[in-house]
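# Provided below are the primary sequence and the corresponding predicted coordinates.
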Amino acid sequence: MKIAETILDLIGNTPLVKLHKVTDGINATVLVKLEYLNPGGSAKDRIAVRIIDAAERDGLLLPGGTIVEPTSGNTGVGLALVAQQRGYRCIFVLPDKVGEDKRNVLTAYGAEIVVTPTSVAPDHPDSYYSVSDRLAREIPGAFKPNQYANPNGPLSHYETTGPEIWRDTDGTVTHFVAGVGTGGTITGTGRYLREVSGDTVRIIGADPEGSVYSGGTGRPYLVEGVGEDFWPAAYDPTVVHEVIAVSDADSFAMTRRLALEEGILVGGSSGMAVVAALRAAKSLTADDVVVVLLPDGGRGYLGKIFNDGWMRSYGFSNAPAGHTVGNLLT
Ligand code: PMP
């Protein structure tokens, strides 16, 4: 019999699959790691279970306690899933740019949500950071995981995502590409892959144009879950060799291509990471193996990236993506 005891036992061990069409003209092997196959639908399940385990161990989260966190949605789903299994109350604070589908997933698991404006500075009292701090202070027994600074975030990727990639490529991986949000994924996975390979694996970050990781000022962009307007502690820039900035237009065009040409329905930050990977792979050889982490699935973006009207309203092309390949690879 092959039976998981609980849904939490199914977190991690996501598969790698090779890209064939969008890699036209590229000699390197490009593999994507499908994090949407985690039970909560994203890579964030990994950090949620580790952060809650550690908080219970350290006495920060007691039976009947409340989890309060600012989250773009996926961390909330992971935390809500673990909280449901362990009997905690969850309150999530979201910026208003997060789509309704993502919000409804959180409430489906029994979590409560508070929506705050996207266009205010992080230190503004209405920002999602400030509101979550206030709730965590005011609610008795509240625990704030603080995914931006909690070392268990990067550690979960150091202990699971990195070893899985090394194991599943038989140690042949030469490049790792991931979008940077809190920075936990690239920091933990990148650190493990550099250590285990004798520091030969090259670690490449993908960042929305305008975000601080690629030298921006924090000006707004539409791709969700990645980019920042400050430098979180979960991100260790010394792990990362290079950060490639990608426009919303290129990220969304590639996101559509992945569904249309590869049968892989993922979110906008996945498209962004693939654009960065293909740019890096242009100069690589057939001996190179590039692994790109795709953080979540596309179902949460059907009303946005996969909706022609929404795309047009922001001036993004709806042309079949094959028409834009020249632009994507510049
Ligand atoms: N993509 C999506 C959709 C996300 O929700 C996140 C998490 N914020 C990321 C990418 C980036 O992951 P990390 O926070 O580990 O840098």
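Okay, I see it.

# separation between the closest residue to the ligand within the stretch 151-300 of the chain and residue 304?
Here the stretch 151-300 of the chain gets closest to the ligand at one residue, residue 225, 2.5 Å apart by Cβ to the nearest ligand atom. Glycine gets a C-beta too; all of them are placed from N, C-alpha and C. From residue 225 across to residue 304, the span is 13 Å (Cβ to Cβ, to the nearest Å).

# looking at the stretch 1-150 of the chain, which residue is nearest the ligand?
Nearest to the ligand in the stretch 1-150 of the chain, going by Cβ to the nearest ligand atom, is residue 74, at a distance of 3.7 Å.

# neighbours of that residue, how many?
A count of neighbours around residue 74, defined by other Cβ atoms under 10 Å, yields 33.

# same for the helix or strand where residue 195 lies, what does it pack against?
Using DSSP states H and E, residue 195 maps to helix 184-196. Judged by 3 or more Cβ pairs under 8 Å, 6 or more residues apart in numbering; DSSP states H and E, helix 184-196 is in contact with helix 152-156, helix 162-168, strand 175-179, strand 202-208.

# so for that helix, mean pLDDT?
Mean pLDDT, helix 184-196: 98.

# now stretch 222-238
Averaged over stretch 222-238, pLDDT sits at 93.

# gap between stretch 167-183 and the chain center?
How far stretch 167-183 lies from its chain's middle: 13 Å, per Cα atoms, centre = their mean, to the nearest Å.

# quick one: contacts for residue 174?
Neighbouring residues of residue 174 by Cβ atoms under 8 Å, 6 or more residues apart in numbering: 28, 200-202, 284, 287-290.

# what does residue 42 give?
Taking Cβ under 8 Å, 6+ apart, we find residue 42 in contact with 35-36, 74, 77-78, 295-297.

# nearest to residue 153 among these?
Using Cβ to Cβ, residue 78 comes nearest to residue 153 of the contacts of residue 42, at 10.6 Å.

# any weak-confidence spans in the protein?
For the chain, applying pLDDT under 70 flags the ranges 72, 318-330.

# which residue is nearest the centroid of it?
With distances taken as Cα atoms, centre = their mean, residue 295 lies nearest the centre of the chain, 4.2 Å away.

# wait, doesn't the residue of the stretch 1-150 of the chain closest to the ligand sit right on residue 43?
Yes - with contacts counted by Cβ atoms under 8 Å, residue 74 reaches residue 43, the gap being 7.3 Å.

# can you list the residues of the stretch 201-330 of the chain near the ligand?
Proximity of the stretch 201-330 of the chain to the ligand, by Cβ under 6 Å from any ligand atom, involves residues 224-226, 267, 269, 295-296.

# rerun that using 5 Å as the cut-off
For the stretch 201-330 of the chain, the residues in contact with the ligand (Cβ under 5 Å from any ligand atom) are 225-226, 267, 269, 295-296.

# most surrounded residue in these?
Across these, neighbour numbers were computed from other Cβ under 10 Å; residue 267 holds the maximum, 33 neighbours.

# so what's the backbone phi/psi at it?
The phi/psi pair for residue 267 (degrees, to the nearest 10) reads phi -80, psi 180.

# look up how far residue 3 lies from the closest residue to it other than its chain neighbours.
Closest residue to residue 267 apart from its sequence neighbours, by Cβ to Cβ, 6 or more residues apart in numbering: residue 296 at 4.5 Å. Distance from residue 296 to residue 3, counting by Cβ to Cβ: 26 Å.

# the residue of the stretch 151-300 of the chain closest to the ligand is in contact with residue 76, isn't it?
No - between residue 225 and residue 76 there is no contact under Cβ under 8 Å: 11.3 Å.

# am I right that the residue of the stretch 151-300 of the chain closest to the ligand sits in a strand?
No - Residue 225 sits outside any strand when classified using DSSP: H, G, I helix; E, B strand; the rest coil, being coil.

# you'd agree residue 134 is in a strand?
No - going by three-state DSSP, the assignment for residue 134 is helix, not a strand.

# mind checking how far whatever residue is furthest in space from the centre of the chain is from residue 11?
Computed with Cα atoms, centre = their mean, the residue of the chain farthest from its C-alpha average is residue 1, at 33.0 Å. For residue 1, the distance to residue 11 (Cβ to Cβ) stands at 20 Å.

# re earlier: turn the helices and strands packed on helix 184-196 into a markdown table, including distance to residue 313 and mean neighbour count.
Below are the helices and strands packed on helix 184-196 laid out as a markdown table (distance: least, Cβ to Cβ, whole Å; neighbours: other Cβ atoms under 10 Å):
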| stretch | distance to residue 313 | mean neighbour count |
| --- | --- | --- |
| helix 152-156 | 34 | 26 |
| helix 162-168 | 38 | 19 |
| strand 175-179 | 24 | 30 |
| strand 202-208 | 19 | 26 |
